[in-house]
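**Q** below are the sequence and a predicted model for it; my questions follow.
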Number of protein chains: 2
Amino acid sequence: MALNNYATGEWMPGISVDCVIFGFHENQLKVLTLRFNQTDIWSLPGGFVGVQEDLDAAAKRVLLERTGLSDIYLEQFHTFGCLKRIQEAKKQHKEVGDKMGRTQDDYDWISSRFITTGYFALVDYEKVVVNVGAMSDTYSWKDIHEVGELFLDHSEILQFALEQLRLSLDITLVAFNLLTETFTMSEVQSLYETILGKPLVRTNFQRKMLSMDILERIEKKYTGGAHKAPYLYRLKRP
Amino acid sequence: MALNNYATGEWMPGISVDCVIFGFHENQLKVLTLRFNQTDIWSLPGGFVGVQEDLDAAAKRVLLERTGLSDIYLEQFHTFGCLKRIQEAKKQHKEVGDKMGRTQDDYDWISSRFITTGYFALVDYEKVVVNVGAMSDTYSWKDIHEVGELFLDHSEILQFALEQLRLSLDITLVAFNLLTETFTMSEVQSLYETILGKPLVRTNFQRKMLSMDILERIEKKYTGGAHKAPYLYRLKRP
């Protein structure tokens, strides 16, 4: 079974994209991983780049195909171009290829040198409907602290994405893409704490957030009559 | 004249690197540009990626070949993969190719689709000895405000590098790579002002710099006997 008609020149040789899709659930930052058919090899969602397709468009397509989402935050963060990223994974490629019933042509293509551009996406976990695609048989939203080994250099790609996300936090408001439309202040704080990987002082955090003048307080969260119900907020419209 | 033996499979197809080499001179941020032989087309220094060469190594090689420098700050900042970056430059490719006496094979290679990874380098302007290479006949350190039109999408690549450099300033000390080993506080301030593109208040800037505890004051700069000679500083060793 040929998985892709790259032999006909539909795909750019040597270039791929990989997507680190972050979701936030039960106060934990999660990353979407896929398992190759009938193996115990987990990977980030990724794909090739069409000869008539912009690089960014390839990443958006992968994201749409795997999550059903199109209008979401997606940021290119690094391109990984070491020779050894493929060389050291011959065994993994063989195992995956055998389970897929790959032809020699397929195998030669898939295990040739690839440079991959990494993108990270921040999604509302609740809105994702995962489609694992033809190469995988299941998926998992893994806690970023318990991901385990991944295909090729995908662990390194994930760590790089996390660092970039941490750097971005102080500069932009990208993290809010991980929240639902309305949220409590403690939910925002949990989100920041899990991404930064350290606890924050509640009063300081709240003061800083409010001083940025980006949040709009709307109403108290209904919690069944408790008089200490927290306020709900949403991002101010620009 | 075949400029490169890419026909023999020495280079990865479809992938290149481009280097934005920043230098700081006379209180201005400059960027190194090269002019293609006998044309008025200016470009950033760039090159192809060897089939046995890591992507980062290709950028380091380009930097070494063009500046003679090897141990300098180099950061990958973005990969540019739009189809139109090459499609819209057919005329430029033709002009450059004609002056080079390119064969049809050369032209087909050079004007095929390329995805390019951008790196920026921060160099001590005084230490650079430019070697323009076989494809160019002169070079220019251009003021970042007066660069003019560049080859392909190199203007966009330059702007992207500038933005990244601005973002980096608040986070790291990369800017110090642009200075000589010892410097006065006002030289540091000029550097920050030119990169950020805005004036800074001297007293605030000085206080912030000193509070970071990264500078070591060494001695007064010899200025021929003036009693108001400024102090010299250098970065503390880690």
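**A** That came through, no problem. Residues are numbered from 1 along each chain as shown, chains lettered A, B, ... in the order given.

**Q** enumerate the residues of chain A near chain B.
**A** Listed as neighbours of chain B in chain A under the rule CB under 8 Å from any CB of the partner chain: A:12-15, A:49, A:51-56, A:58, A:76, A:78-83, A:113, A:115, A:117, A:167, A:170-171. Glycine gets a C-beta too; all of them are placed from N, C-alpha and C.

**Q** figure out how far the longest strand along chain A is from the centre of its chain.
**A** Counting by DSSP state E, the longest strand found in chain A is strand A:11-25. Relative to the chain's own centre, strand A:11-25 is displaced by 8 Å; criterion: CA atoms, centre = their mean, to the nearest Å.

**Q** put the alpha carbons of that strand into CSV.
**A** Taking C-alpha atoms only, strand A:11-25 is exported to CSV below (Å, rounded to 0.1, in the frame of the first residue of the first chain):
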residue,chain,number,x,y,z
TRP,A,11,5.4,16.3,-2.5
MET,A,12,8.5,18.4,-2.1
PRO,A,13,11.5,16.0,-1.4
GLY,A,14,13.3,16.4,1.9
ILE,A,15,10.9,18.8,3.6
SER,A,16,8.2,18.1,6.2
VAL,A,17,6.2,19.8,8.9
ASP,A,18,5.5,18.7,12.4
CYS,A,19,2.8,20.2,14.7
VAL,A,20,3.0,20.4,18.4
ILE,A,21,-0.7,20.8,19.4
PHE,A,22,-1.1,22.0,22.9
GLY,A,23,-4.4,21.7,24.8
PHE,A,24,-5.2,22.7,28.3
HIS,A,25,-7.4,20.3,30.3
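
**Q** what angle do whatever helix or strand comes next after it and strand A:11-25 make?
**A** Downstream of strand A:11-25, the next assigned helix or strand under DSSP states H and E is strand A:28-36. Calculated by axes from the mean of the first three to the mean of the last three CA atoms, to 10 degrees, strand A:28-36 forms an angle of 140 degrees with strand A:11-25.

**Q** remind me what strand A:28-36 packs against, helices and strands.
**A** strand A:11-25, strand A:42-43, helix A:55-67, helix A:90-100, strand A:136-143, helix A:185-196 (3 or more CB pairs under 8 Å, 6 or more residues apart in numbering or on different chains; DSSP states H and E).

**Q** helices and strands around the shortest one, which ones?
**A** Using 3+ CB pairs under 8 Å, 6+ apart as the contact criterion, the neighbours of strand A:42-43 among helices and strands are strand A:28-36, strand A:136-143.

**Q** and those strands, which is most packed in?
**A** Comparing those by mean neighbour count (mean count of other CB atoms under 10 Å in any protein chain shown), strand A:28-36 ranks first with a mean of 22.

**Q** helices or strands up against the top helix by length along chain A?
**A** Using DSSP state H to define each element, chain A has its longest helix at helix A:154-171. Taking 3+ CB pairs under 8 Å, 6+ apart as contact, the helices and strands that helix A:154-171 lies on are strand A:11-25, strand A:73-80, strand A:115-123, helix A:185-196, helix B:154-171.

**Q** 6 Å - rerun?
**A** Where contact means 3 or more CB pairs under 6 Å, 6 or more residues apart in numbering or on different chains; DSSP states H and E, helix A:154-171 is packed against strand A:11-25, strand A:73-80.

**Q** and the ones you listed as TSV, adding mean neighbour count, distance to A:Leu150 and mean pLDDT?
**A** Converted to TSV, the helices and strands packed on helix A:154-171 look like this (neighbours: other CB atoms under 10 Å in any protein chain shown; distance: least, CB to CB, whole Å; pLDDT from 0 to 100):
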stretch	mean neighbour count	distance to A:Leu150	mean pLDDT
strand A:11-25	23	10	91
strand A:73-80	20	13	92
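
**Q** could those strands go into TSV alongside distance to A:Glu181?
**A** Formatted as TSV, these follow (distance: least, CB to CB, whole Å):
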stretch	distance to A:Glu181
strand A:11-25	14
strand A:73-80	14
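
**Q** of all the ones you listed, which lies closest to B:Val62?
**A** Across the helices and strands packed on helix A:154-171, B:Val62 has its closest neighbour in strand A:73-80 (15.4 Å, CB to CB).

**Q** what's the following helix or strand after the closest one?
**A** Sequence order places helix A:84-87 as the next helix or strand after strand A:73-80, per DSSP H and E.

**Q** mean confidence for that following helix?
**A** Mean pLDDT, computed over helix A:84-87, is 86.

**Q** what does stretch A:189-203 give?
**A** Computed over stretch A:189-203, the average pLDDT equals 80.

**Q** what's the answer for stretch A:107-122, then?
**A** 89.

**Q** can you pull the buried residues of it?
**A** Judged by neighbour count (16 or more other CB atoms under 10 Å in any protein chain shown), stretch A:107-122 contains these buried residues: A:107, A:109-111, A:113-122.

**Q** can you put the helices and strands packed on strand A:42-43 in a markdown table and add mean pLDDT?
**A** Shown next, in a markdown table, are the helices and strands packed on strand A:42-43 (pLDDT from 0 to 100):
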| stretch | mean pLDDT |
| --- | --- |
| strand A:28-36 | 91 |
| strand A:136-143 | 94 |
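
**Q** for these, which one sits closest to B:Gln159?
**A** strand A:28-36 (31.5 Å).

**Q** partners of that closest one in the sheet?
**A** Here strand A:28-36 has these sheet partners by DSSP bridges: strand A:11-25 (antiparallel), strand A:42-43 (antiparallel), strand A:136-143 (antiparallel).

**Q** nearest to A:Leu64, out of these?
**A** strand A:11-25 (10.4 Å).

**Q** what is the orientation angle of the closest one with strand A:73-80?
**A** Using the same axes, to 10 degrees: strand A:11-25 against strand A:73-80 is 130 degrees.

**Q** quick one: strand A:11-25 to helix A:55-67, angle?
**A** Using the same axes, to 10 degrees: strand A:11-25 against helix A:55-67 is 50 degrees.

**Q** and the contacts of strand A:11-25?
**A** A:29-32, A:44-46, A:48-49, A:51, A:58-59, A:62-63, A:113-123, A:125, A:141, A:157-158, A:161, A:178, A:191, B:12-14, B:115 (CB atoms under 6 Å, 6 or more residues apart in numbering or on different chains).

**Q** kindly report the same for stretch A:68-87.
**A** A:64, A:113-123, A:129, A:152-153, A:160-161, A:164, A:174, A:177, B:54-55, B:79, B:117.

**Q** now that stretch: how far from the chain's centre is it?
**A** 9 Å.

**Q** endpoint to endpoint, that stretch covers what distance?
**A** End-to-end distance for stretch A:68-87: 33 Å, by CA to CA, to the nearest Å.

**Q** quick check: domain ranges of chain A?
**A** Domain ranges of chain A: A:5-175, A:180-235, per automatic domain parsing.

**Q** of those, which is nearest B:Arg217?
**A** Among the domains of chain A, the nearest to B:Arg217 by CB to CB is domain A:5-175 (29.4 Å).

**Q** that concludes my questions; thank you for your assistance.
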